[in-house]
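K.L.:
3D, please:
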Amino acid sequence: MSRITIKEQERVRFNSFDATENVVLVPLMTTNSEEAAGLPTLYENLRDFTAVVSSAPKASDSSDAEVDNSYYFICELLNQGLKVLVKRWLYDASGAASIESQLTQAINGTDATSEASAVPGIFNEVADKNLYNIKFITAGGYAQANFDTKATLVDIAADRGDCVAVIDLPPGWTPANVLNNSDGQFTSVGNKYMYSTIVWPSCYFNLSEFASSSDEAELLKNIEMPASLAYLAAFGSSVQVNADWFAVSGVIRGNIPDMVKPKFEIGERLMHILQGDTPVSGTTYLKVRINPIMDAGVYGHRIWGNRTANSLSSNDAQSLRFRDFLNVRILLCDIKKQIYHAAMRNTFEPNDDITWVNFKKICNTLLDQMQSGRGIRWYSWRRVDTEQRATIKAVLTIQPIEAVEYFDITINLTDEEVNFEEELV
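P.N.:
Below you'll find the model as predicted:
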């Protein structure tokens, strides 16, 4: 007897795409114009990256030519489990400008001959959230380039609204330079600094495992790298066992893999100034918040700050807003990515209750994880009436859980006749 079988299979799943994956955008030098003209390439592991780029690019074939430290930057991030979106940029080997100087020009959209001659910056295309899913933006292995490109990096992060620019202070800055100069160096991008973070100081790393020769391995045993690498490496190590909305700071999650030592030692007094808890002098506070790498006593050196670079709203440290906490900013980035993915998944579906339920189902998958995973206390959706046709309008309200930064403990000493109170803050 004949048989007719008709099967139906849903090939698009709600969670077929990880909207919140941890991807870092990093530039890498090349002297090949075809490589520079190509699109950014996503690498998910160290093996695949080194199969394509087997050693650190150099400014020329000379044995003592300048080496692009972004190569080691990328290797360390991949080694810590992060994904890296690598954008190759063209180095002009015939020019006199250094790698760092040319990288600054390439990111900012200027050429090597005139600062006023604008050309498209190498990171312009990653502003498209539909094409590139990134969580962190950095200028890679050169701290000075990170600093000189800070406005561009922060602008991209703010325009996307779903990622964080990790920027560095100039490598030559001492604590005195930070206290004396930083106030005038961070005025160009205003409140966009809520989409960025600054970690300081730079650190010495042992990255010898990424060397391609014994001589190179010796140099890499104590190589100075930007503090942005310290934060991102610690983040990669943390998210192996923790949710990415947990603060990457303190004794438990602030440990920095492969770090030998920081360039400068930071004490508790300077730490509070960098964090915006206390003024530099009088009523003058730093223009931005800076997360220090400092000695935590028996625990060793740790990242000791969880702030975005957002400026203080007042002279009161307790005026901290949710947007000032770096872990909350990363949590919001994840939520925005998930909402964007849910909206893309349901665009051009019928504008009815079923589509609204399907949209929320994708979003709530992540929100439920955050609620059970100590990221948010609660969330709620509110559908908003609108006269705009073909439009779903809604408000999502969440209560994030910020990380503890202050302990205010009172010890009471008492007997039958005397009551003595001492406060520890």
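
K.L.:
Please make it C-alpha for all contacts and neighbour counts, starting now.
P.N.:
Noted.

K.L.:
mind showing which ranges of the stretch 1-150 of the chain have poor pLDDT?
P.N.:
Applying pLDDT under 70 to the stretch 1-150 of the chain flags the ranges 1-2, 5-18, 111-119.

K.L.:
What ranges does it have for its strands?
P.N.:
In the stretch 1-150 of the chain, the segments counted as strands under DSSP state E, counting those that start in this stretch are 23-30, 41-43, 83-90, 136-137.

K.L.:
and the residue nearest to A139 when sequence neighbours are not counted, how far is that from I107?
P.N.:
With sequence-adjacent residues excluded and distances taken as Cα to Cα, 6 or more residues apart in numbering, A139 is closest to N146, at 4.9 Å. Shown here: N146 relative to I107, a distance of 10 Å by Cα to Cα, to the nearest Å.

K.L.:
picking that back up, who are the contact partners of the residue nearest to A139?
P.N.:
By Cα atoms under 8 Å, 6 or more residues apart in numbering, the contact list for N146 reads T104, T138, A139, G140, I167, D168, L169.

K.L.:
The last one: what's it in contact with?
P.N.:
Counting by Cα under 8 Å, 6+ apart, L169 touches A143, Q144, N146, F147, I198, V199, W200, P201.

K.L.:
mind pulling up the phi and psi values for Q399?
P.N.:
In terms of degrees, to the nearest 10, the main-chain angles of Q399 are phi -120, psi 100.

K.L.:
just I293 next, same as before
P.N.:
Dihedral pair for I293: phi -100, psi 120, per degrees, to the nearest 10.

K.L.:
In terms of pLDDT, where does L179 sit?
P.N.:
You'll see L179 listed with a pLDDT of 85.

K.L.:
can you start the count at 39 instead of 1 from here on
P.N.:
Okay, using 39 as the starting number, the last item reads as L217.

K.L.:
secondary structure element for it?
P.N.:
Using DSSP states H and E, L217 maps to helix 213-219.

K.L.:
by contact count, what packs against the helix or strand that that helix is followed by?
P.N.:
Sequence-wise, the next helix or strand downstream of helix 213-219 (DSSP H and E) is strand 234-238. Applying 3 or more Cα pairs under 8 Å, 6 or more residues apart in numbering; DSSP states H and E, one finds that strand 234-238 makes contact with strand 202-205, helix 265-276, strand 329-333.

K.L.:
one more time with 6 Å, if that's ok
P.N.:
Strand 234-238 is packed against strand 202-205, strand 329-333, with contacts defined by 3 or more Cα pairs under 6 Å, 6 or more residues apart in numbering; DSSP states H and E.

K.L.:
Would you list the strands that the last one pairs with, along with their directions?
P.N.:
According to DSSP bridges, strand 329-333 forms sheet pairs with strand 234-238 (parallel), strand 339-341 (antiparallel).

K.L.:
what's in contact with that strand?
P.N.:
Contacts with strand 329-333, where a contact means Cα atoms under 6 Å, 6 or more residues apart in numbering, come from V237, W238, I304, H339, R340, I341, W342, G343.

K.L.:
So A181 is in contact with P264, correct?
P.N.:
Yes: the pair A181 / P264 is scored as a contact, 5.0 Å apart, by Cα atoms under 6 Å.

K.L.:
okay, these two: which has more neighbours?
P.N.:
Comparing A181 with P264 by other Cα atoms under 10 Å, the one with more neighbours is P264, at 28 against 25.

K.L.:
Once you drop chain neighbours, what's closest to the more buried one?
P.N.:
Nearest residue to P264 in three dimensions, chain neighbours excluded: S240, at 4.6 Å (Cα to Cα, 6+ apart).

K.L.:
okay, the one you found: pLDDT?
P.N.:
95.

K.L.:
Tell me who's in contact with it.
P.N.:
Applying Cα under 6 Å, 6+ apart to S240 gives the contacts M263, P264, A265, K301.

K.L.:
Now with 8 Å, please.
P.N.:
Counting by Cα under 8 Å, 6+ apart, S240 touches A181, P209, E262, M263, P264, A265, S266, P300, K301.

K.L.:
Can you show me the helices along the stretch 339-463 of the chain?
P.N.:
Per DSSP state H, counting those that start in this stretch, the stretch 339-463 of the chain carries helices over the ranges 364-384, 391-410.

K.L.:
one step back: any chance of the helices and strands packed on strand 234-238 in CSV with mean pLDDT as columns?
P.N.:
Output for these, formatted as CSV (pLDDT from 0 to 100):
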stretch, mean pLDDT
strand 202-205, 96
strand 329-333, 96
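
K.L.:
want to try TSV for those, with distance to S71 as columns?
P.N.:
Shown next, in TSV, are the helices and strands packed on strand 234-238 (distance: least, Cα to Cα, whole Å):
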stretch	distance to S71
strand 202-205	27
strand 329-333	38
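
K.L.:
Packed most tightly, which of those would that be?
P.N.:
Stretch with highest mean neighbour count among those: strand 202-205 (a mean of 30; mean count of other Cα atoms under 10 Å).

K.L.:
what's the spacing between the nearest residue to F363 once chain neighbours are set aside and Y323?
P.N.:
In this structure, F363 finds its nearest non-sequential neighbour in R345, 4.6 Å apart by Cα to Cα, 6+ apart. The gap separating R345 from Y323 is 15 Å, by Cα to Cα.

K.L.:
got it, and E82?
P.N.:
For E82, the distance to Y323 (Cα to Cα) stands at 41 Å.

K.L.:
Please say which of the two ends up with more neighbours.
P.N.:
Using other Cα under 10 Å, the more surrounded residue of E82 and Y323 is Y323, with 22 against 16.

K.L.:
The spatially closest residue to M408 that is not a sequence neighbour pairs with what?
P.N.:
Distances taken as Cα to Cα, 6+ apart put I414 closest to M408, at 5.6 Å, once the chain neighbours are dropped. For I414, the beta-bridge partners are P438 (DSSP bridges).

K.L.:
what number of residues lie near I414?
P.N.:
Using other Cα under 10 Å, I414 has 20 neighbouring residues.

K.L.:
do S246 as well
P.N.:
By other Cα under 10 Å, the residues close to S246 number 20.

K.L.:
Tell me if I'm right that it and I261 touch.
P.N.:
No: assessed by Cα atoms under 8 Å, S246 is found out of contact with I261, at 9.0 Å.

K.L.:
my read: V326 touches D362, true?
P.N.:
No: using Cα under 8 Å, V326 is not in contact with D362; the gap is 10.5 Å.
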